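1. Have a look at this prediction, sequence included:
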Amino acid sequence: MPITRIDLIDKYYTNIKIDEDYLELYSVRTAIFDAVKENLSKFNGVVLDLGCGIMPYREFIIENRDGIKYIGVDFEKPAGAEYEMVQPDLFWDGISIPLEANSVETVLATEILEHCSNPEIVLKEVFRVLKPGGNLIFTVPFVWNIHLVPYDEYRFTPFALHRHLGNSGFNNIALKALGLWDASLAQMLGIWYKNRPSKYKKSFSLVFVWCIQFLLRKDKLLDKSKIYVEGVMISGLSGTAKKI
């Protein structure tokens, strides 16, 4: 039986289990979904999923929030094979969002801003299409390998991200780490295991699995809001911002 889009979402996004074949995805995809769940109350009205891909959170949000209209926006030329399973509702060019000003209540942008050559242009577009009182909910990576070559542009510190959001008109900016020191190390172990050429690493896969699980358990005990101090290490950032 062919694998369906819902099967892929369950396996790689919303119910991901640690597995040696995708160790690099486990911690980050778990953290991103946790951020979506944590901010579920902020999803209202028309939800624009910017850079939607396979739309991994569409069903979860629609099923758990009343009155949602979900719009997926992505490039006409797909970055992967997602369009064989689901196509965006709208196409964009990476700069202009094809919607009228003040037309949506919520924008979701997971792991997209690092691919924008001028993130403030995109954030100002997001601000434009949001209604007053609308929310932007987003995540960005910090510890992650070069990917989607050559369209990998940035890794954001909380200071830079806060500045970009403020310059784009947003208020009530709240940022927190997807993970701190332990999650960052777990993420690096997964990335190393996935991408480092080595004919021996398969022999140690159970050690990697154990270490990543151990580190992520430790990371759950840490305060993810303490990201503006010297020496802090973050695996990525989640955040919300509002158009007043």
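-> Cool, the structure landed.
2. What is the neighbour count of A183?
-> 28 (other Cβ atoms under 10 Å). Just so you know, the C-beta spots here come from the backbone N, C-alpha and C atoms, and that holds for glycine as well.
3. Go ahead and confirm it touches T30.
-> No. Counting by Cβ atoms under 8 Å, A183 does not reach T30; the two are 9.5 Å apart.
4. So L178 is in contact with G236, correct?
-> Yes. Counting by Cβ under 8 Å, L178 does reach G236; the two are 3.8 Å apart.
5. who touches both of those two?
-> 28, 31, 139, 142 (Cβ atoms under 8 Å, 6 or more residues apart in numbering).
6. Cross these against strands and list the overlap.
-> Taking DSSP state E, the ones among the shared contacts of L178 and G236 that sit in strands are T139.
7. just curious, which of the shared contacts of L178 and G236 is nearest to I227?
-> F142 (10.0 Å; Cβ to Cβ).
8. Now for the closest one: which residues touch it?
-> 155-157, 178, 184, 234-237.
9. List only those of these flagged as buried.
-> Taking 16 or more other Cβ atoms under 10 Å as the criterion, what is buried in the contacts of F142 is 156-157, 178, 184, 234-237.
10. Now these in TSV, please, with extra columns for secondary structure and distance to D66.
-> Listed next are those as TSV, based on DSSP: H, G, I helix; E, B strand; the rest coil; distance: Cβ to Cβ, whole Å:
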residue	secondary structure	distance to D66
F156	coil	33
T157	coil	37
L178	strand	28
S184	helix	37
I234	coil	34
S235	coil	33
G236	strand	30
L237	strand	29
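11. Now the two most distant members of those residues.
-> Farthest pair in the buried ones among the contacts of F142, by Cβ to Cβ: F156 and S184, 14.6 Å.
12. Near the residue nearest to I32 when sequence neighbours are not counted, how many other residues are there?
-> Closest residue to I32 apart from its sequence neighbours, by Cβ to Cβ, 6 or more residues apart in numbering: T139 at 5.1 Å. Other residues near T139 number 23, with proximity taken as other Cβ under 10 Å.
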